[in-house]
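Asks: Only the shape, not the letters, is given here:
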């Protein structure tokens, strides 16, 4: 595994840890200035909107881990696809979010290192159906 691949994986883990802790300072560092997050129902959030979910307390995690992470490098850009295992609350309502979605992250290399430029959460095609084989085929990941 190459040095840049490991750096992108570390970026993903840093992001996941910051999300779990609601750490706005760390999130501000790992998210690119023009970051856009796309939720499973198609809503889009700017960097400031993403950060405000934690600042206002409308989102809180009890657990947050990234599994089956695949990294594809394209020069100064990277695509990661993984399966999150997370649980927490949204606007005060408990939510079981474990294994319900896949997360794709798009990172770009900047002078200071890698930053998350965009992210997308998706709902599995069918309940219980493994998503990673589908993603591997689409991205031609061995």
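Replies: Received it, and whenever you're ready, just let me know what you need. Bear in mind the structure is a predicted one, so any value in this text is a computation, not a measurement.
Asks: helices or strands next to the helix or strand harbouring residue 10 in the packing?
Replies: Assigned by DSSP states H and E, residue 10 belongs to helix 3-21. Packed against helix 3-21 by the contact rule (3 or more C-beta pairs under 8 Å, 6 or more residues apart in numbering; DSSP states H and E) you find helix 24-30, strand 59-74, strand 77-90, strand 101-110, strand 113-123. For every residue, glycine as well, the C-beta is placed using N, CA and C.
Asks: one more time with 6 Å
Replies: Judged by 3 or more C-beta pairs under 6 Å, 6 or more residues apart in numbering; DSSP states H and E, helix 3-21 is in contact with helix 24-30, strand 59-74, strand 113-123.
Asks: in the protein, what secondary structure element scores lowest on mean pLDDT?
Replies: helix 132-139 (a mean of 44; mean pLDDT, DSSP states H and E).
Asks: got the helices and strands packed on helix 3-21 as CSV, with mean pLDDT columns?
Replies: Formatted as CSV, the helices and strands packed on helix 3-21 follow (pLDDT from 0 to 100):
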stretch, mean pLDDT
helix 24-30, 94
strand 59-74, 85
strand 113-123, 84
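Asks: wait, which of the ones you listed is closest to residue 6?
Replies: Checking the helices and strands packed on helix 3-21 against residue 6 by C-beta to C-beta gives strand 59-74 as the closest, at 8.8 Å.
Asks: and the angle from the closest one to strand 101-110?
Replies: Strand 59-74 runs at 60 degrees relative to strand 101-110, counting by axes from the mean of the first three to the mean of the last three C-alpha atoms, to 10 degrees.
Asks: Which elements pack onto strand 59-74?
Replies: helix 3-21, strand 77-90.
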